[in-house]
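J.: Pasted the sequence and its predicted model underneath.
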Amino acid sequence: MSVSDKYSKALGKLNKYVWIILIPILLDSLDLMIHWLIYKIKYIPAFSIFKIKIGLMHTPASVRFLLEDFPTPIFSLKNNMVSGLLTNINLFTICFAITILLVVSYFTGVYLVTLSKIEEEDFSLKEVIMLDNSIWAKLFLYRVVTIIPMILFILDRAFIVTFFLSIFFVYVEYSIILDKGSILTNFKNGMAFLFNNIGLTIKSTFYCGIIFSVLSIIVFPIANLGISGIIVDILIVAYFGTAFNKMIMEMYRDGQVKVEN
């Protein structure tokens, strides 16, 4: 099955449970709101008409994939300049960052567990929450490990090598959801899947890039309409991005089944 067929299949499954996109919509909306409450600055996206994008969608899907200066509660990035809590590290900012990571990790778990269960007609919210509670700590540790290289790169471009190391972890979250074992086992399984499926990963990366490069023609002009336009963009990216998350999850699941057989 081609990557385009896999994506079409994922979109079909998502359409039956489209409410799942409420989680990435909520997280992006909270980022926007908390950023305004902290900095009292209205977010105005950097002007652009089109963007050539290459990469795999974040989990959960986020408008930040296209609007790369989209704010976070921890820092503000504008014209390659960083400001905000991240530039003033103290006990409060550390506790605040940990709290944000815990909340994001929890909702990421609900999001990914739900995506993994939509083939099952009778799954319940209680089952999703119970499974999420069992992996919450692992998702938090994953977030901590992967956010450190990003923060170092943002603070100093000399850390670009550590930033690119996070590429090796693209499948780890899917391993946490679908595999048993410790967090170390999940990192091992995720990286093993990457190295064993380099070709498929490259195809998926470019396919995702093509889809969102085309979408950027719609997203950027709408973003310039103000807060209402940004909300519309959040909805658009949440829908198409969640389908990509589902596609990658099923690729990982199928690959692990083949290994077991």
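T.: Sure, I can see it. Numbers count the residues shown, from 1 in each chain.
J.: where exactly do the strands run in the stretch 51-200 of the chain?
T.: With DSSP state E, counting those that start in this stretch applied, the stretch 51-200 of the chain shows strands at 76-78, 81-83, listed in chain order.
J.: where in this protein is pLDDT low?
T.: Judged by pLDDT under 70, the chain has its weakly predicted residues at 74-89, 121, 153-163, 257-261.
J.: Show me which helix runs longest in it.
T.: Longest helix of the chain, by residue count under DSSP state H: helix 227-260.
J.: residue boundaries of the helices in the protein?
T.: Going by DSSP H, the chain shows helices at 3-16, 22-39, 91-117, 125-155, 160-165, 172-178, 183-196, 198-223, 227-260.
J.: so of those, which one's packed in deepest?
T.: Each of the helices of the chain was given a mean neighbour count from mean count of other CB atoms under 10 Å, and the largest, a mean of 24, is that of helix 172-178. The way it works is simple: take the backbone N, C-alpha and C, and place the C-beta from them, glycine included.
J.: quick one: that helix to chain centroid distance?
T.: Averaging C-alpha positions (CA atoms, centre = their mean, to the nearest Å) puts helix 172-178 13 Å from its chain's average.
J.: Tell me which residues are up against that helix.
T.: Contacts of helix 172-178 with the rest of the structure, by CB atoms under 8 Å, 6 or more residues apart in numbering, involve 59, 108-109, 112-113, 116, 135, 138-139, 142, 183, 185-187, 189-191, 193, 248-249, 252-253, 256.
J.: Pull the number of nearby residues for Ile21.
T.: 22 (other CB atoms under 10 Å).
J.: Okay, it and Phe193: tell me how far apart.
T.: 26 Å (CB to CB, to the nearest Å).
J.: and if you look at Val232?
T.: According to CB to CB, Val232 and Phe193 sit 35 Å apart.
J.: before we move on, what about Leu66?
T.: Here the distance between Leu66 and Phe193 works out to 26 Å (CB to CB).
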